[in-house]
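> predicted structure and sequence below. I'll ask about it afterward.
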Amino acid sequence: MSITKRNLVMCPRCGTSLQMAVESEHRGKEVIISYSHLCPVCRYKEMVEQINIRLNGDKIYIVKQYEKFK
Ligand SMILES: [Zn+2]
């Protein structure tokens, strides 16, 4: 077991440490997964990453649509 130091991100509005939230949205044959930082106190939300998964026949396409940190 390894211990990794988590990169804590603070809320720019109230200074609370942000939590990671994962949301998925289904649009027919498409699924959009969004990773965002969410403040549990003031509901501040910041998008970190968005991935689009598309089903095309027997193929699955995974496209990263948005990435904050590169
Ligand atoms: Zn906040």
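Now that the structure is in, tell me what you want to look at.

> list the buried residues in the longest strand seen in the chain.
Counting by DSSP state E, the longest strand found in the chain is strand 45-56. Within strand 45-56, the residues that qualify as buried are 48, 50-52, counting by 16 or more other C-beta atoms under 10 Å. (Each C-beta comes from the backbone N, C-alpha and C, glycine too.)

> how far away is the nearest residue to C39 once chain neighbours are set aside from S36?
The shortest distance from C39 to any residue that is not its chain neighbour, by C-beta to C-beta, 6 or more residues apart in numbering, is 4.1 Å, and that residue is C11. From C11 over to S36 the distance is 12 Å, taken as C-beta to C-beta, to the nearest Å.

> more neighbours, the two?
Taking neighbours as other C-beta atoms under 10 Å, C11 and S36 compare with C11 leading, 20 against 17.

> and the gap between that one and I51?
Applying C-beta to C-beta, one obtains 24 Å for the distance of C11 from I51.

> quick check, pLDDT for N7.
With respect to pLDDT, N7 has a value of 62.

> before we move on, the earlier item: lowest-confidence entry in the buried residues of strand 45-56?
In terms of pLDDT, the weakest of the buried residues of strand 45-56 is V48, which scores 93.
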